[in-house]
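K.L.:
okay, here's the prediction I keep looking at, along with the sequence it came from:
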Amino acid sequence: MSENNVVPITAGIGRRTANARQRKRAVPTGTPLAGLIDSWELALEAAGKAPATLEVYLRTARRFVTYLQEEGQPDDAEGVQAEQVRMFLIHERTGRGLPTAVAAHAYLGVWWNWIISEGERTSFSPVLKADKPQLKTKAHDYLTMEEISALLDVCKGSDFASRRDTAIIRVFIDNGMRVGGLCGLRLEDVDLRGRRLKIVLKGGDEHWAPIGDKTATAIDRYLRVRARHARADSEWLWLGIKSIQEPRLLKGGVQGMLKRRGKQADVKNVHPHRFRSTSAHQQLAVGANSDDVRRVLGWRSEAMLRHYTEELGDERAREAHARVSPSDRI
């Protein structure tokens, strides 16, 4: 072989590297996922999904597509398989934590179900139930009735803040209302004679949350002192103490109020969501039907009720047994 026919070794290496890149980068066999995100957004908006829900769904979809592209993996509706989803979940767990990976599994499942329903994929979803990351269950921190009484005690008084804070705490423990629903209440949403408050649930559904006599009385006392507030003409039910620019009491204001009242009452870790699980447990503890409790709190499934209350299920069972003990009736 003459010198002119000698192929440089580096040239061979270059061709092999290029071929490896081509093999790594799979040829799309379906619609590119990046092009489906905007369509999915339109579908979610048409379904009335809340803005916060849209944000987390779409953010996860974009991160998934970016990951596939950076790793040279298939990034089309037909080419993605369970393996790519597993790789992404490991990536999310390593970089962002286990809870984020669990959420990503759920959000991607919704997206791929939509992709299949739109006819963009002919095989089953690559998001498998068996691949869901396992999140360790954390014990819920329930408030005791003594702690709730202590919170109400430090709110006693006839001034604006005392009456407002009393009413808010009673609403929280009465029906486990989310802080977003509470802050979204308008005057027109209050039906004291009907003992109910109209709130908007996650997803946009309206829901009448029941209240008891003491909660109705507390709201009535608040409304009377509210009428003398500088921003009494506001449509919002809950007003801030100063309310110079924004009359409505916002989430941060509610959380700050509970933290302050908790410190005064020597009750630690007082926050809105803690009342939600406590309310459900207390209703079940006195014999309320589980389906009724689910409806009161605005949950669509029994699974949510169990998630928040099953830890104290044995305690409720023992209390129920004490009331109906067969031996005690002999």
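P.N.:
Received, thanks.

K.L.:
can you map out the helices along the stretch 201-330 of the chain?
P.N.:
213-226, 251-265, 272-285, 290-297, 302-309, 313-324 (DSSP state H, counting those that start in this stretch).

K.L.:
right, so of the ones you listed, which gets closest to residue 155?
P.N.:
Closest approach to residue 155 among the helices of the stretch 201-330 of the chain (CB to CB): helix 251-265, 6.4 Å. Quick note: C-beta positions are derived from backbone N, CA and C, even for glycine.

K.L.:
residue 123: which of the helices of the stretch 201-330 of the chain is closest?
P.N.:
Residue 123 lies closest, by CB to CB, to one member of those: helix 302-309, at 28.4 Å.

K.L.:
for the stretch 201-330 of the chain, what are the low-confidence residue spans?
P.N.:
By pLDDT under 70, the low-scoring segments of the stretch 201-330 of the chain are 203, 243-245, 301-330.

K.L.:
now, of the helices of the stretch 201-330 of the chain, which is deepest in the fold?
P.N.:
helix 272-285 (a mean of 21; mean count of other CB atoms under 10 Å).

K.L.:
before we move on, back to that, would you turn the helices of the stretch 201-330 of the chain into a markdown table with distance to residue 134?
P.N.:
Listed next are the helices of the stretch 201-330 of the chain as a markdown table, based on distance: least, CB to CB, whole Å:
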| stretch | distance to residue 134 |
| --- | --- |
| helix 213-226 | 39 |
| helix 251-265 | 30 |
| helix 272-285 | 22 |
| helix 290-297 | 25 |
| helix 302-309 | 15 |
| helix 313-324 | 21 |
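
K.L.:
can you give me the strands for this structure?
P.N.:
In the chain, the strands defined using DSSP state E lie at 190-191, 196-200, 206-210.

K.L.:
could those be laid out in CSV, adding mean neighbour count and distance to residue 120?
P.N.:
Shown next, in CSV, are the strands of the chain (neighbours: other CB atoms under 10 Å; distance: least, CB to CB, whole Å):
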stretch, mean neighbour count, distance to residue 120
strand 190-191, 16, 46
strand 196-200, 20, 32
strand 206-210, 16, 34
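
K.L.:
of those, which approaches residue 85 most closely?
P.N.:
Using CB to CB, the nearest of the strands of the chain to residue 85 is strand 196-200, at 33.3 Å.

K.L.:
and that closest one, how far from the chain's centre?
P.N.:
Mean C-alpha position of strand 196-200 versus that of the full chain (CA atoms, centre = their mean, to the nearest Å) differs by 19 Å.

K.L.:
now do stretch 175-193: distance to the chain's middle.
P.N.:
Counting by CA atoms, centre = their mean, stretch 175-193 comes out at 18 Å from the chain centroid.
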